[in-house]
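Enquirer: coordinates for the following, if possible.
(chains A and B)
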2 protein chains.
Amino acid sequence: MTQRAYNFAAGPATLPETVLEQVQREMMALPGPKASILEISHRSPTFKEIIEAAEKNIRTLLGISDDYSVLFLQGGGRLLFSMIPMNLLTESQPSADYILTGSWGKAAIKEAKKLGSMNVAWDGADDKYTYTPSDTDLKLDPNAAYVHYTCNETIEGVQFAAEPQAGQVPLVCDASSDFMHKPLPIDRYGMIYACAQKNMGPAGVSIVVVRKNLLERSSDELGSYLDFKLHADQGSLMNTAPTFAIYVVRLVTDWLLNDIGGLDKMYSINQAKAKMLYDTIDSSNGFYDGHARKDSRSLMNVSFRLPSEELTTQFIDQADAADLTALAGHRSVGGVRASIYNAMPVAGVEALRDFMIDFRDKHAK
Amino acid sequence: MTQRAYNFAAGPATLPETVLEQVQREMMALPGPKASILEISHRSPTFKEIIEAAEKNIRTLLGISDDYSVLFLQGGGRLLFSMIPMNLLTESQPSADYILTGSWGKAAIKEAKKLGSMNVAWDGADDKYTYTPSDTDLKLDPNAAYVHYTCNETIEGVQFAAEPQAGQVPLVCDASSDFMHKPLPIDRYGMIYACAQKNMGPAGVSIVVVRKNLLERSSDELGSYLDFKLHADQGSLMNTAPTFAIYVVRLVTDWLLNDIGGLDKMYSINQAKAKMLYDTIDSSNGFYDGHARKDSRSLMNVSFRLPSEELTTQFIDQADAADLTALAGHRSVGGVRASIYNAMPVAGVEALRDFMIDFRDKHAK
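Expert: Below is the predicted model:
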């Protein structure tokens, strides 16, 4: 048996071990087609069953009604940052609102601005993106085509506790780094999207949940791959889908449903895991300094600093030697970041907590 | 050991068994990061080594000089059909030439026409896309931004024996279904691209080889993911790359280099495999009717018809029962199609040949 570390990478990120074991077991051939999942047609009955099961799992877990399409797309968040304004801006609504709570929100508006004048409804830059706004902070445009926000900022570790109030304007949410970590009131969203490589599967597929009436905005002049409506009309099989990534999403959602028991249970586990680390930070007498304000702390990405660069490096290196890996903060902000997505076992978080206590005992003055 | 069939699917398609075995062996954890290839960061040293090795293998196999960038992108051919005119048309050269030898060329020009007036340099529709044009047949525009063609039409089984002459205009080639099946004079191309799922790996990544001076045409106004130049500047790591698909491309190109011994040897094997099937067709007294004209026959996709729909169905069903699978022609043309890409073993083609002879003996009048 190959040794596995507790992997705190921000994404691609750790996956359930039972899912990896099933992928390994089935790699040479699926029983029906007697060929590997890597080798079968996206239009084969076997793959059709896989993509339909993945979609059904997602609909079941989140309670998504038939008013919404569920799409599986390539190109990651970055391509969606362009596709969203391409599809959702209209002649009479040529602008959208963006709420900026961190690096990914900024990346999203950068792409949108190439397609129209965007309105910054709120920007947390002055406070170094340490918290999420209250609804009264938002300067919303009632004629906006949509309101875009990032429910969890992976780099800063800042997460919305609930959806912002956008009135009648469709709410569009980048949920890349916390999708499926808790139940959601899907009816509040016009669109919610996530790349798979945090909570759902490997890199190479994004999941888009979009209210069907918004698809009417897509123009026939768009390139086919850039057109949400065409993807929806063709069940995400306009062209060759990323079959393997969708197969893993199916297995991960099977695990969420059957092994975990649904998103209510997943949410309880995630709350308990995050509490362990934040309690350790809060009881460290300032040795560990959390980035986010307490009311905006992320359950997925726990970002904190140590008293010096030297201690930060020691912390990351010694943790790595103890098989607690990938703890370096994002290159743009430094520090330490522990990403504890759905698939990070409680035992992994306990091991990190114990390491943190031990490291502080040795190094705090 | 799970039983594997000989899988003649057009793509996703059969992969080398030794590659699948390595993927299976390494699935739970790569030794360095002690995490699965599905779980490691696209910016980790381990993945950096993988993507660099994949690129180096491709450069070595095709003899690609530093005048060209090699990119790994998502979205398949369909997204590239839009990205090519977005990046390569210019204000002074707002039109391009398209040579249409089958279904994929038609799909490519459909997307390009959304972005400008395109010139059809040749169209084989009147002869049902059964052959490739000679250079004198082409009606090229000397001011075209580029000349686009499809070197192998997967559906019709029609393949160019050599590059068309495009003079000083950059040649852009969709090589999705025959990339790496033989050595290529890369200097003849402005750009050559291929989705991986025929000859190179699983679905979910496309390989683009583009002459660096063409990247100067990309406008800053393009969405970042749609901009070839940004991808090149950032070594295909602008955003999270499809890490698993690139890992498999690395293993497949390792196999081409080390197990096969390079593209000259691969080409000889491919010629021998195709000859077996075409000889069987030609010696069948018309029982098997090849779609393509003899001088335009594809080495990758052998498309043919039987005397009746009933016999076609019997052929496909009985072959499937004999573990010769996925032989149905594309839904748009019907008949039989045997896709015999690099990874299809000679033994698989021999088994199909024997089946074809036996089936004809039983059913020919």
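
Enquirer: I'd say A:P16 and B:M28 touch.
Expert: No: assessed by C-beta atoms under 8 Å, A:P16 is found out of contact with B:M28, at 12.0 Å. In short, each C-beta sits where N, CA and C put it, glycine included.

Enquirer: now the host helix or strand of A:T312: buried residues?
Expert: According to DSSP states H and E, A:T312 maps onto helix A:309-321. Across helix A:309-321, burial judged by 16 or more other C-beta atoms under 10 Å in any protein chain shown covers A:L311, A:T312, A:F315, A:I316, A:A319, A:D320.

Enquirer: so who does the fourth one touch?
Expert: Under the criterion of C-beta atoms under 8 Å, 6 or more residues apart in numbering or on different chains, the contact list for A:I316 reads A:L327, A:A328, A:V336.

Enquirer: looking at the residues you listed, which are in strands?
Expert: Filtering the contacts of A:I316 for membership in strands, criterion DSSP state E, returns A:V336.

Enquirer: looking at the contacts of A:I316, which is nearest B:Q74?
Expert: A:A328 (26.1 Å; C-beta to C-beta).

Enquirer: so that closest one bridges to which residues?
Expert: Beta bridges link A:A328 to A:V336, judged by DSSP bridges.

Enquirer: I figured it hits A:V336, correct?
Expert: Yes: using C-beta under 8 Å, A:A328 is in contact with A:V336, at 7.1 Å.

Enquirer: helix/strand/coil for the closest residue to chain B within the stretch 1-150 of chain A?
Expert: Per C-beta to the nearest C-beta, the residue of the stretch 1-150 of chain A with the smallest distance to chain B is A:S82, at 3.1 Å. Under DSSP: H, G, I helix; E, B strand; the rest coil, A:S82 falls in the helix class.

Enquirer: give me every residue that touches it.
Expert: Here A:S82 is in contact with A:E111, A:A112, A:K114, A:L115, A:L226, B:G223, B:S224, B:Y225, B:L226 (criterion: C-beta under 8 Å, 6+ apart).

Enquirer: between these, which is closest to B:N342?
Expert: Using C-beta to C-beta, the contacts of A:S82 come closest to B:N342 at B:Y225, 29.5 Å.

Enquirer: same question for stretch A:248-263, mean pLDDT?
Expert: Stretch A:248-263 shows a mean pLDDT of 98 in the predicted model.

Enquirer: now do stretch A:58-70
Expert: 98.

Enquirer: just stretch A:154-163 next, same as before
Expert: Stretch A:154-163 comes out with an average pLDDT of 96.

Enquirer: ok now it, how far from the chain's centre?
Expert: Between the centre of stretch A:154-163 and the centre of its chain there are 11 Å (C-alpha atoms, centre = their mean, to the nearest Å).

Enquirer: what about it, near chain B?
Expert: No: applying C-beta under 8 Å from any C-beta of the partner chain, one finds stretch A:154-163 separated from chain B by no less than 11.1 Å.

Enquirer: tell me the buried residues in that stretch?
Expert: A:T154, A:I155, A:E156, A:G157, A:V158, A:Q159, A:F160, A:E163.

Enquirer: my guess is A:G157 meets A:L299, correct?
Expert: No: between A:G157 and A:L299 there is no contact under C-beta under 8 Å: 9.5 Å.

Enquirer: how about residues contacting the top helix by length along chain A?
Expert: In chain A, taking DSSP state H as the definition, the longest helix is helix A:263-282. Contact with helix A:263-282 is made by A:61-62, A:180-183, A:256, A:260, A:288-290, A:294, A:297-300, A:302, A:304, A:338, A:340, A:342, A:344, A:346, A:349-350, A:352-353, A:356-357, as judged by C-beta under 8 Å, 6+ apart.

Enquirer: next structured bit after it?
Expert: The helix or strand immediately downstream of helix A:263-282 is strand A:289-290, counting by DSSP H and E.

Enquirer: mind giving me the packing neighbours of that next one?
Expert: helix A:263-282, strand A:301-305 (3 or more C-beta pairs under 8 Å, 6 or more residues apart in numbering or on different chains; DSSP states H and E).

Enquirer: partners of it in the sheet?
Expert: With DSSP bridges as the test, strand A:289-290 is paired with strand A:301-305 (antiparallel).

Enquirer: distance from the partner strand to the middle of the chain?
Expert: So, by C-alpha atoms, centre = their mean, the centroid of strand A:301-305 is 17 Å from its chain's centroid.

Enquirer: so who does the residue in the stretch 101-250 of chain A that chain B sits nearest to touch?
Expert: Residue nearest to chain B within the stretch 101-250 of chain A: A:G223 (3.1 Å; C-beta to the nearest C-beta). By C-beta under 8 Å, 6+ apart, the contact list for A:G223 reads B:L79, B:F81, B:S82, B:M86, B:E111, B:K114, B:L115.

Enquirer: rerun at 10 Å
Expert: A:G223 is in contact with A:83, A:86, A:230, B:75, B:78-83, B:85-86, B:110-112, B:114-115, B:226, counting by C-beta atoms under 10 Å, 6 or more residues apart in numbering or on different chains.

Enquirer: how about the residues of the stretch 151-300 of chain A by chain B?
Expert: By the rule C-beta under 10 Å from any C-beta of the partner chain, the part of the stretch 151-300 of chain A lying against chain B is A:176, A:195-198, A:201-206, A:219-227, A:230, A:238-246, A:248.

Enquirer: which of the residues you listed count as buried?
Expert: Listed as buried from those are A:176, A:195-198, A:201-206, A:222-227, A:230, A:238-246, A:248; burial here means 16+ other C-beta under 10 Å.

Enquirer: where along the stretch 151-300 of chain A do the strands fall?
Expert: A:152-153, A:158-159, A:171-174, A:191-195, A:206-211, A:289-290 (DSSP state E, counting those that start in this stretch).

Enquirer: most packed of these?
Expert: Among those, ranked by average contacts under mean count of other C-beta atoms under 10 Å in any protein chain shown, first place goes to strand A:152-153 (a mean of 30).

Enquirer: now that one, how far from the centre of its chain.
Expert: For strand A:152-153, the distance to the chain centre is 8 Å (C-alpha atoms, centre = their mean).

Enquirer: got it, and stretch A:250-265?
Expert: For stretch A:250-265, the distance to the chain centre is 16 Å (C-alpha atoms, centre = their mean).

Enquirer: can you check stretch A:63-76 too?
Expert: The answer for stretch A:63-76 is 14 Å, by C-alpha atoms, centre = their mean.

Enquirer: what's the local residue count around the closest residue in space to A:A125 that isn't next to it in sequence?
Expert: The shortest distance from A:A125 to any non-neighbouring residue, by C-beta to C-beta, 6 or more residues apart in numbering or on different chains, is to A:L100 (7.0 Å). If you count neighbours by other C-beta atoms under 10 Å in any protein chain shown, A:L100 ends up with 23.

Enquirer: ramachandran coordinates for A:L100?
Expert: Torsion angles at A:L100 (phi, psi; degrees, to the nearest 10) stand at phi -110, psi 110.

Enquirer: show me what contacts the closest residue to A:L306 other than its chain neighbours?
Expert: Spatial nearest neighbour of A:L306, chain neighbours left out: A:T312 (4.7 Å); criterion: C-beta to C-beta, 6+ apart. Contacts for A:T312 (C-beta under 10 Å, 6+ apart) come out as A:F304, A:R305, A:L306, A:L327, A:A328, A:G329, A:G334, A:G335, A:V336.

Enquirer: circling back: need the overlap of contacts for A:A328 and A:V336.
Expert: Residues touching both A:A328 and A:V336 by C-beta under 10 Å, 6+ apart: A:F8, A:T312, A:F315, A:I316, A:A319.
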